[in-house]
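Have a look at this prediction, sequence included:
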Amino acid sequence: MEQEIKLTKLANCAGCGAKVGAGTLARLLDGLAVRTDENLLVGFDKSDDAAVYRVSDDLALVQTVDFFPPIADDPYLFGQIAATNALSDVYAMGGEPRIALNLLCIPKSMPDSAVHDLLRGGYNKVYEAGAVIAGGHSILDEEPKYGLCVTGFVHPDKILTNAGAQPGDALFLTKPLGAGILTTAAKADLCPPDVLDAVFARMTTLNKAARDTMVQFRVHACTDVTGFGLLGHALEMAQGSGVQIELDASALPIPSEALEFARMGILPEGMYRNRKYAEAFVSSDGIPLEVQDALYDPQTSGGLLIAVDAADADALAAELQKTVPDARRIGTVSDFAGAARIILH
């Protein structure tokens, strides 16, 4: 009989918390020669979620790749989370996933049944998204890792980027925060099972319904909130769009358990990297430290951050409540005075 395996015990980091910090990544990319192509509609210059390449006047390819170490012990659940997270980048661009390739790293000690369950979790989520897995690549590694390279379709005139937010836009977030804090607490056996189950349920919820709803309205910008936390991704949107973002701290969806663990100092390492990168651009006077920590908290398979025309805000809110009940209106976009910033109030 194969021995039961706890995947998180094989990994030094968990989920999107393993991402290279945004500041470090910017330094690594700085100075690289970039070849231009008139059909490359979105590259990495604005730190967007995926690349977009125009094939014809009516069709563009959205391409992304995402993989990480286990954030759950159960292989099937880990496969679901990793696939949901990778698919999210296509949804954030306004696209629809169509084909995916597996990326798999496995230690020799990992039982065949666990590898099978991991892949089955990924396959099931990809099929739920209406896409197919057509192959992939696997290597032996001391630490397990899984994810996908995903290709989707979008009309060239309907691409959403993180750099189009306009003053006056309303901001929506479609999933609660705190996932990194709560899964860190779980590794210390401190997170109540029902709370952890709720976190995993959100991580395995595709952003398809949010995408399908938002594209019916005048959305100017979108990004998914993952490893850089809400403030890191909001800052990328502010800088890419040349705007200031104002967030209503009282409206932010943060589970009370995440705030309590933050007060106790139970925080993922990625939170500190995110704070170091973004805090110089954030005004947070009067905001409790535990709330700030939750906003820097790295999310895995998080929600969409949507900037929509103010005239469509109420209608979008009403439709999201039907399709994505966790969605919340969390702030506004305004003109910036000298530098793109995030204002918490």
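Cool, got the structure. Please read all numbers here as calculations on a predicted model, not as lab measurements.

how about low-confidence regions in this protein?
Low-confidence segments of the chain (pLDDT under 70): 1-6, 8-33, 45-47.

Going along the chain, name the strands of it.
40-42, 51-56, 59-68, 96-106, 132-140, 145-154, 170-173, 219-224, 244-247, 282-283, 304-308, 328-334, 342-344 (DSSP state E).

Redo those strands as JSON lines? Include distance to Asp112 and mean neighbour count.
(Each C-beta comes from the backbone N, C-alpha and C, glycine too.) Below are the strands of the chain laid out as JSON lines (distance: least, CB to CB, whole Å; neighbours: other CB atoms under 10 Å):
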{"stretch": "strand 40-42", "distance to Asp112": "40", "mean neighbour count": "18"}
{"stretch": "strand 51-56", "distance to Asp112": "35", "mean neighbour count": "16"}
{"stretch": "strand 59-68", "distance to Asp112": "20", "mean neighbour count": "21"}
{"stretch": "strand 96-106", "distance to Asp112": "10", "mean neighbour count": "21"}
{"stretch": "strand 132-140", "distance to Asp112": "13", "mean neighbour count": "12"}
{"stretch": "strand 145-154", "distance to Asp112": "15", "mean neighbour count": "23"}
{"stretch": "strand 170-173", "distance to Asp112": "40", "mean neighbour count": "24"}
{"stretch": "strand 219-224", "distance to Asp112": "33", "mean neighbour count": "26"}
{"stretch": "strand 244-247", "distance to Asp112": "47", "mean neighbour count": "23"}
{"stretch": "strand 282-283", "distance to Asp112": "47", "mean neighbour count": "18"}
{"stretch": "strand 304-308", "distance to Asp112": "36", "mean neighbour count": "27"}
{"stretch": "strand 328-334", "distance to Asp112": "43", "mean neighbour count": "21"}
{"stretch": "strand 342-344", "distance to Asp112": "47", "mean neighbour count": "20"}
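
Turn these into TSV, including distance to Pro298.
Formatted as TSV, these follow (distance: least, CB to CB, whole Å):
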stretch	distance to Pro298
strand 40-42	23
strand 51-56	22
strand 59-68	10
strand 96-106	20
strand 132-140	25
strand 145-154	16
strand 170-173	15
strand 219-224	13
strand 244-247	18
strand 282-283	16
strand 304-308	15
strand 328-334	18
strand 342-344	17
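
Figure out which of those strands is closest to Leu118.
strand 145-154 (5.8 Å; CB to CB).

Give the partner strands of the closest one in its sheet and their orientations.
Strand 145-154 has the following strand partners under DSSP bridges: strand 59-68 (antiparallel), strand 96-106 (antiparallel).

so which of these gets nearest Ile159?
Comparing the strands paired with strand 145-154 by CB to CB, strand 59-68 comes nearest, at 6.6 Å.

what's the closest one in contact with?
13-16, 18-19, 41, 49-55, 82, 85-86, 89-90, 93, 95, 103, 105, 145-156, 159, 300 (CB atoms under 8 Å, 6 or more residues apart in numbering).

can you rerun that using 6 Å?
15-16, 18, 50-54, 85-86, 89-90, 93, 95, 103, 145-147, 149-152, 154, 156 (CB atoms under 6 Å, 6 or more residues apart in numbering).

Let me know which of the strands paired with strand 145-154 is the nearest to Arg263.
Smallest distance to Arg263 across these (CB to CB): 27.2 Å, for strand 59-68.

one step back: mind putting the strands paired with strand 145-154 into CSV with distance to Leu140?
Listed next are the strands paired with strand 145-154 as CSV, based on distance: least, CB to CB, whole Å:
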stretch, distance to Leu140
strand 59-68, 15
strand 96-106, 6
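
Compute the first-to-last residue distance for stretch 317-329.
Stretch 317-329 has an end-to-end distance of 7 Å (CA to CA, to the nearest Å).

how about it: buried residues?
Judged by neighbour count using 16 or more other CB atoms under 10 Å, the buried positions of stretch 317-329 are 319-320, 324, 327-329.

ok, which pair from these is furthest apart?
Glu319 and Arg328 (13.9 Å).

Do a quick rundown of the helices in the stretch 151-300 of the chain.
Using DSSP state H, counting those that start in this stretch, the helices of the stretch 151-300 of the chain run over 179-187, 193-203, 208-214, 229-241, 256-263, 269-278, 289-296.

okay, these in TSV with distance to Asp312 next?
Listed next are those as TSV, based on distance: least, CB to CB, whole Å:
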stretch	distance to Asp312
helix 179-187	28
helix 193-203	25
helix 208-214	10
helix 229-241	17
helix 256-263	31
helix 269-278	28
helix 289-296	25
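
Val115 is nearest to which of the ones you listed?
helix 193-203 (20.0 Å).

quick check: angle from the closest one to helix 256-263?
In terms of direction (axes from the mean of the first three to the mean of the last three CA atoms, to 10 degrees), helix 193-203 departs from helix 256-263 by 100 degrees.

helices or strands up against helix 193-203?
Secondary-structure packing of helix 193-203 (3 or more CB pairs under 6 Å, 6 or more residues apart in numbering; DSSP states H and E): helix 179-187.

Relative to the whole chain's centre, how far out is the helix it packs on?
Between the centre of helix 179-187 and the centre of its host chain there is 16 Å, according to CA atoms, centre = their mean, to the nearest Å.

Contacts for that helix next, please.
14, 17, 71, 191, 196, 199, 258, 261-262, 266, 268, 297-300.
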